[in-house]
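Visitor: sequence plus predicted model, see below.
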Amino acid sequence: MTATLATRAMQTILTRALRLYPPHTRAWGEAIVAESDSITEFTTAFSWTLGGLMVAFRAFFSNLIRRPAANNEPALLGPPPLPPPLPWKLALVCLAIAGGLLFVPDLRQGLSVTFSTWRSQLKLSNDTALWEKIAHEAESKGEAEAMAFAAMRLGQDSARFDEAVRLADHAVAKDPSLTWIYYFLTLNMRAPWFHASPHPELAQRLQEWDPQNAAPYLAEAEYIANVHVNDPQWRKRYISLDTPLSQEDLVRLRARDPRWLELMARAFAAPMYSNYFDRRLDFDLQVMQRLGVMNPQRAMTTYLDDETTLSFFYLREYAALRIAQGEEAERAGQWENAASEYWSVAQFGRHARLGGISGYFDRDIGWSLQEASYKHLQPVLFKLGRVQEAQAVVDAAQLQHVERDEMHGHVRSEWQRLLTFSVVNALFIHSCAIVLEASFLLMVVIIVAFALRRAPRFVRFTLTYAPPPLLLSCIGLLGAYHPYAEYYRLYLAYHPARDFESVVNFLMLCDVSQNGTITPVHFWWAILAAVGAIGIWLASKTVWRTMRQQHD
Amino acid sequence: MKPVRSSPQTRLLIASLLDRPAEWRYGYDLSRETGLKSGTLYPILMRLAEKSLLETRWEEPPGDGRPPRHLYRLTGLGQRWARAEAPQPRPSRALKPAYGDGQ
C-alpha cells in the first residue's frame, strides 16, 4: 500500500514535470511517466523519478540555449553550427581601442580596486604581514614616523599589542611630538577583542603631554569602564537627559570607581577636545605615500580606522550625574553651584561638537548634552539676574535645534544616496570588471586551446565575439569609475574633501562597510546580476521563439 | 564524422540493443539490463533517435487501464553504426541492475 502510494506520488511529480518539456520532446517525458507505472518498489520508483526530473530539466534548459534553426537541421549533420563570426576588422578595432583604454590610469585603478576587493573577499590578501615588515624596517633604520604608523596598525591586533606598545614607545622616545599615538593604542584596550595585557600608563603619559585636551582623560576613563564591563553596577543603560536621574541610578553612578569619576570631571573641565582624528589621518596618508604602500582602498579605509567613537552611554551618564548635582544645588538654593554644573555639561557638549569629533553620531552627543544643559541653565540664570546671559542661552538653544534638524535631514538623504546611487554604481562597476575579465580570459583560453587542439572555426567565432564585450566593459568601467578616481585625487590633495559620505561612497565600491569590515555585497551581487542577465536573455529568447512559432 | 558521441554508457546501451536487434524494448527493461539510471538512459535514447539511429513507437493500449509504453529498437543505420561502435558489454556492469528486480 505504501509502495503504491509512493509510486503514485512519484508519477504525479513526473507528470507535473512534463510542463518543462518543449513540444518536440514532450513524448520522451510521457515515455518516462508510462514506464514509472511498471515500477512498484519504492526506492526504484524514487530513483526513476529523480532521473526523470533530471531529463525534464535538461530538456528545458537545452531548449533555452538551442538556436531555433537547429530544430530543422538534418539528423546526421553533427552538432548545430555556430553563428557566423563577426568581421575580423571589427574585432581588431575593438581590441585596439580596448588596449588603448587600458593605458588610461583611471581604468587601471578601477580594475585594481575591483580585483583587490575580490581578493579581500576570497581571503587572498592580508595587510598584517605588510605592517610587520614596515615595523621591522623602521626599527632597523630608526624611523620614528614609520614605527608610529606600524604601531597603530599592529595595535589593532590583540596578539601583537605588546609589540605595538614597544614600537610606540620607541617612536615617541625618538620624536615626542608623536605622543598622541598613545590615544589610539589606549582606545584599543576597550575593544571586545582585546585580550592582551593592558597598558594604562599610555593614557597617563598622554595626559601629561596634552593636559588641556579632554580626549586623553576620556580614553583612560573608557579603559576603566571596560575593566568593569561585567559588573552590574556599570552595565550600560539608557539614561534620558530630558528626565531627572532616578535615585537608584544616582547612587549607582556616584559609587563608581573614583578614578573614573575624577577622569570624567577633568574631561568635562578641560578647555578643549581633540580626538586627534585629523592629525592621524594626515599622518597615515603621508606615511603610506612615503612608504609606497598607498592604494585607494587603504587610503579610504584609513578614514574609518582613524575615526574613533567614545561611548555615548558613559558620556550621557556622567552628564546626567552633573545635571542631577545641579538640581540638588538648586534645591539647596545654591544657584551659582547649579549654574556651574550645567555650564560644565554645556561646555563639554560644545567642545565635543566643535573640537574634532568628526562623525555625525558623535556630533549628536555634543548637541544632546548642550540641549539638556541649556534647558536647566535658562531658569537658573534668570534667577541669578544674569538676563543677557540667559537670553543668549535661549537663542543658542533655538539655533542649535534648527541645526540639529538640518543635520538629521542631511544624514537621512545622505544614506538614501549611499544605498541607492552608490550601490547601483558600484554594482555596475563590478559587473563591468567581471565582463572585462571574462572576455579577456576567454580569448586567452581560446588561443591556448587553438595552440593545443586546433579548432579554427570555433577560435574564429570566439575571437571575433569576445572583443566587443571587452571594449564595452572597458568603456563602462572607465565611465563609471572616473568620478571615484577624481575623488581619490581630491581626497589626497585637499583636506576638507575628506568627508564621510564620499569616503563611504568609495568604500561601498570596495565592499567595506562603515565599521571597516569587508562585506561581500557587490561582488556577489555582480555575479547574480550577470547570471540574471543571462537568464533574462535566455527567457526573452524563448518567449520570442514561442511567439514566432505561434505566428507561423 | 561521428553522428553521436560514443560514451561508455552509449556503448553499453547499443550493445544491449544489438543483442536482440529486431525486438522492441521498453525503457525500464533497458535500464535494468544496462544498469543505467533513467537520468542517463533517456538523454542517450533521445540523442540516438534524433540522429535516426533509433526508432521509437508507442505500444497498443494494453486495455487494463495502464498507459501505453514507449518502445525502442535500432534502425538499420543504427545497427550498422552500433556494430562499428559497440564493444563487448562489460558483464559486471550489465549484471548489476539499476532498479532492482521489480517488473
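Guide: The structure has been received and is ready for your questions. Every value quoted in this text rests on a predicted model; they were computed, and no experiment measured them. Numbers count the residues shown, from 1 in each chain, chains lettered A, B, ... in the order given.
Visitor: flag every residue of chain A that's near chain B.
Guide: Residues of chain A found near chain B (CB under 8 Å from any CB of the partner chain) are A:25, A:27-28, A:30-35, A:37-41, A:43-44, A:47-48, A:50-55, A:58-59, A:75-76, A:78. Every residue, glycine included, has its C-beta placed from N, CA and C.
Visitor: of these, which belong to strands?
Guide: Secondary structure defined by DSSP state E assigns none of these to strands.
Visitor: which of the residues you listed are buried? Put it as a ChimeraX command.
Guide: With 16 or more other CB atoms under 10 Å in any protein chain shown as the burial test, the buried ones among the residues of chain A next to chain B are selected in ChimeraX as follows:
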select /A:25,28,30,31,32,33,34,35,37,38,39,41,44,47,48,51,52,53,54,55,58,59
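Visitor: list the contacts of the strand or helix carrying A:Thr186.
Guide: Using DSSP states H and E, A:Thr186 sits in helix A:181-188. Under the contact criterion CB atoms under 8 Å, 6 or more residues apart in numbering or on different chains, helix A:181-188 has outside partners A:148, A:151-152, A:155-156, A:161, A:164-165, A:168, A:171-172, A:194, A:199-200, A:202-203, A:205-206, A:215-216, A:219-220, A:222-223, A:275-276, A:280, A:306, A:308.
Visitor: ok, now which ones touch A:Thr128?
Guide: Counting by CB under 8 Å, 6+ apart, A:Thr128 touches A:Leu154, A:Asp157, A:Arg160.
Visitor: for those residues, which entry has the maximal number of neighbours?
Guide: Of all those, A:Leu154 has the most neighbours under the rule other CB atoms under 10 Å in any protein chain shown, reaching 24 neighbours.
Visitor: that one: what's it in contact with?
Guide: A:Thr128, A:Trp131, A:Glu132, A:Ala135, A:Arg160, A:Phe161, A:Glu163, A:Ala164, A:Leu167.
Visitor: 10 Å instead, please
Guide: A:Leu154 makes contact with A:128, A:131-132, A:134-135, A:160-168, A:185 under the criterion CB atoms under 10 Å, 6 or more residues apart in numbering or on different chains.
Visitor: among the residues you listed, which ones are in strands?
Guide: Per DSSP E, strands hold no members of those.
Visitor: burial of the closest residue in space to A:Asp257 that isn't next to it in sequence, as a residue count?
Guide: With sequence-adjacent residues excluded and distances taken as CB to CB, 6 or more residues apart in numbering or on different chains, A:Asp257 is closest to A:Ile224, at 5.5 Å. The local packing of A:Ile224 (other CB under 10 Å) involves 20 other residues.
Visitor: following the host helix or strand of A:Ile224, which helix or strand comes up?
Guide: Using DSSP H and E, A:Ile224 sits within helix A:214-227. Sequence order places helix A:247-254 as the next helix or strand after helix A:214-227, per DSSP H and E.
Visitor: show residues contacting that next one.
Guide: Applying CB under 10 Å, 6+ apart, the contact partners of helix A:247-254 are A:232-235, A:237, A:239, A:244-246, A:260-261, A:264, A:317-318, A:320-321, A:324-325, A:327-328.
Visitor: buried subset of the residues you listed, written for PyMOL?
Guide: Buried residues among these (16+ other CB under 10 Å), as a PyMOL selection:
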select buried, chain A and resi 234+239+245+260+261+264+317+318+320+321+324+325+327
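Visitor: A:Pro176 and A:Trp209 touch, don't they?
Guide: Yes. Counting by CB atoms under 10 Å, A:Pro176 does reach A:Trp209; the two are 7.4 Å apart.
Visitor: if you count surrounding residues, which of the two has more?
Guide: Per other CB under 10 Å, whichever of A:Pro176 and A:Trp209 has more neighbours is A:Trp209, with 16 against 11.
Visitor: before we move on, the earlier item: list the contacts of the residue nearest to A:Asp257.
Guide: Residues near A:Ile224 by CB under 10 Å, 6+ apart: A:Arg190, A:Pro200, A:Ala203, A:Trp234, A:Arg256, A:Asp257, A:Arg259, A:Trp260, A:Leu261, A:Leu263, A:Met264, A:Tyr314.
Visitor: and the gap between it and A:Leu18?
Guide: 73 Å (CB to CB, to the nearest Å).
Visitor: then A:Ala324?
Guide: 77 Å.
Visitor: swap in A:Phe450?
Guide: Using CB to CB, A:Phe450 is found at 43 Å from A:Leu18.
Visitor: likewise A:Ile475?
Guide: The gap separating A:Ile475 from A:Leu18 is 46 Å, by CB to CB.
Visitor: secondary structure element for the closest residue to chain B within the stretch 201-350 of chain A, which one?
Guide: The nearest approach of the stretch 201-350 of chain A to chain B comes at A:Gln297, 46.7 Å away (CB to the nearest CB). Element membership for A:Gln297, per DSSP H and E: helix A:296-306.
Visitor: so where's chain B uncertain?
Guide: Residue ranges of chain B with pLDDT under 70: B:1-5, B:86-103.
Visitor: and the helices in chain B?
Guide: For chain B, the helices defined by DSSP state H cover B:8-19, B:27-34, B:38-50, B:76-85, B:91-94.
Visitor: between those helices, which one is nearest to A:Gln286?
Guide: Set against A:Gln286 and scored by CB to CB, the helices of chain B come closest in helix B:38-50, at 64.1 Å.
Visitor: show me what the closest one is packed up against.
Guide: Under the contact criterion of 3 or more CB pairs under 10 Å, 6 or more residues apart in numbering or on different chains; DSSP states H and E, helix B:38-50 touches helix A:26-36, helix A:42-65, helix B:8-19, helix B:27-34, strand B:54-58, strand B:70-74, helix B:76-85.
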